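>>> predicted coordinates and the sequence they were generated for:
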Amino acid sequence: MRMFSWVLPLVICLSTLLSAQDQDFSKVQMKVTHVAGTVYMLEGEGGNIGASVGEDGIVVVDDQYAPLADKIKAALKGVTDKPIRFIINTHYHEDHTSGNAIFQKDAPVIAQDNVRKRLEEGVTAGNMGSLKAVHKPQPKEALPILTFDHDITVHLNGEDIRALHYPHGHTDGDSIIFFPKSNVVHMGDDFVRYGFPFIDLSAGGSVEGMIAALEEIIPKLPADVKVIPGHGAISNLDDVRTYVVMLKDTRAVVEDGVKQSKSLVQLQQEKVLSRWEKYKNDFISSDTFIETLYNDLTGKPGQLLKHN
């Protein structure tokens with residue numbers, strides 16, 4: 001099942017707390033897809049990689065897991081013999097940044113200020129409830145050496161590649177990357193295709209912030225822009241709008257329960273997200289997403305539902 005390949009690295013990273021060293025990447029094959037203009041998408045394990053390829057070199061968006069670095073480089077060599085000039089991180093999670101230390105031997109990593117902070121200090125990621133993972137402090141070689149507060153533009157390959165910071169969505173260091181000439185946008189994990197999203201409340205993420213980020217970026221983008229999600233297939237703005245509606249509607253249902261002083265356990269037992277069953281997945285179940293919404297709305301961990 002195709003969706004399982006998107007979800008597996010996240011399950012490994014966040015649910016079972018295994019490190020990249022415990023995973024077998026030997027059979028991973030990199031799939032390269034031309035999206036539009038200068039932009040390609042690489043799929044392996046972890047977050048989707050974006051790459052602007054042209055006469056000036058390559059600008060890479062996210063770099064997956066360190067053991068895949070050689071495979072990523074080989075896949076890029078299949079497109080061009082030009083060097084990598086810059087790497088941009090969309091956020092700090094391991095499945096998007098674990099290759100930093102290797103790639104930064106050849107080119108600088110760029111990221112929002114909070115990405116460097118999270119990588120440098122380490123953090124227990126999660127939804128303030130049952131979903132947790134310890135991200136250990138990373139060595140200096142893995143830390144972005146170019147950081148920004150609100151936005152930065154990289155002028156290469158005839159593109160004005162814009163990294164735009166949207167705070168408190170998936171994390172507090174999210175960047176959405178727009179390639180205007182190619183008419184492509186990389187959403188990072190503020191938009192994914194595996195179903196209910198993981199929202200890292202412990203690292204400054206929030207459902208409301210994710211909704212706000214997407215509602216702000218949508219009208220700024222061309223109607224026919226091609227969308228690279230953090231995980232999943234190339235999409236369009238209608239897909240993003242549908243995703244936003246799901247976020248708003250599920251949040252409203254849980255918020256209504258909170259206003260009625262219902263507990264997390266009650267909301268889970270009542271299966272208040274049953275209308276959105278198609279979004280549940282092996283990573284984020286309906287109960288887990290209810291817990292995320294509940295904790296985000298109340299600002300504190302809720303009581304976990306115990307299963308016999």
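Everything's here; your move.
>>> when you work out contacts or count neighbours from here on, use the C-alpha atoms and nothing else.
Noted.
>>> quick one, helices of the stretch 101-250 of the chain?
Taking DSSP state H, counting those that start in this stretch as the criterion, the stretch 101-250 of the chain contains helices spanning 113-121, 207-217, 237-259.
>>> wait, isn't Asp113 in contact with Asp151?
No. The criterion here is CA atoms under 8 Å, and Asp113 misses it with Asp151 at 10.4 Å.
>>> more neighbours, these two?
Neighbours were counted for Asp113 and for Asp151 using other CA atoms under 10 Å; Asp113 has more, 19 against 16.
>>> that one: what's it in contact with?
147-149, 173 (CA atoms under 8 Å, 6 or more residues apart in numbering).
>>> the closest residue to Ala223 other than its chain neighbours: neighbouring residues, count only.
Nearest residue to Ala223 in three dimensions, chain neighbours excluded: Leu237, at 6.9 Å (CA to CA, 6 or more residues apart in numbering). Burial of Leu237 is recorded as 18 neighbouring residues (other CA under 10 Å).
>>> from Asp81, how far off is Leu221?
Taking CA to CA, to the nearest Å as the measure, Leu221 falls 31 Å from Asp81.
>>> who has more neighbours, those two?
Neighbour count, other CA under 10 Å: between Leu221 and Asp81, Leu221 has more, with 16 against 13.
>>> for the more buried one, grab phi and psi.
Main-chain torsions, Leu221, degrees, to the nearest 10: phi -100, psi 150.
>>> check which residues of stretch 79-86 are buried.
With burial defined by 16 or more other CA atoms under 10 Å, the residues of stretch 79-86 counted as buried are 83-86.
>>> from those residues, which single one is nearest Thr33?
Of all the buried residues of stretch 79-86, Ile84 has the smallest distance to Thr33: 17.8 Å, by CA to CA.
>>> once you drop chain neighbours, what's closest to the residue nearest the centre of the chain?
Centroid-nearest residue in the chain: Asp189, 2.2 Å away (criterion: CA atoms, centre = their mean). Counting by CA to CA, 6+ apart, Asp189 lies nearest to Gly230, which is 4.4 Å off, once chain neighbours are set aside.
>>> how many residues are close by the one you found?
Residues contacting Gly230 under the criterion other CA under 10 Å number 25.
>>> what residues does it make contact with?
Contacts of Gly230 by CA under 8 Å, 6+ apart are 47-48, 186-193.
>>> could you rerun that using 7 Å?
47-48, 187-189, 191-192 (CA atoms under 7 Å, 6 or more residues apart in numbering).
>>> what does Gly299 give?
By CA under 7 Å, 6+ apart, the contact list for Gly299 is empty.
>>> on that earlier part again, for Asp63, see how far away the residue nearest to Asp189 is.
Distance of Gly230 to Asp63, given as CA to CA: 12 Å.
>>> over to Val207?
Distance, Val207 to Asp63, using CA to CA: 25 Å.
>>> ok, those two, which is more surrounded?
Asp63 (28 against 25).
>>> who are the contact partners of that one?
Contacts of Asp63 by CA under 7 Å, 6+ apart are 49, 96-100.
>>> which among those residues gets closest to Asn281?
Nearest to Asn281 out of those is His96 (CA to CA; 20.2 Å).
>>> and Arg275, how many residues sit next to it?
Neighbour number of Arg275 under other CA under 10 Å is 9.
>>> also the one 10 residues further on?
As a burial measure, the neighbour count of Ser285 was computed by other CA under 10 Å and equals 16.
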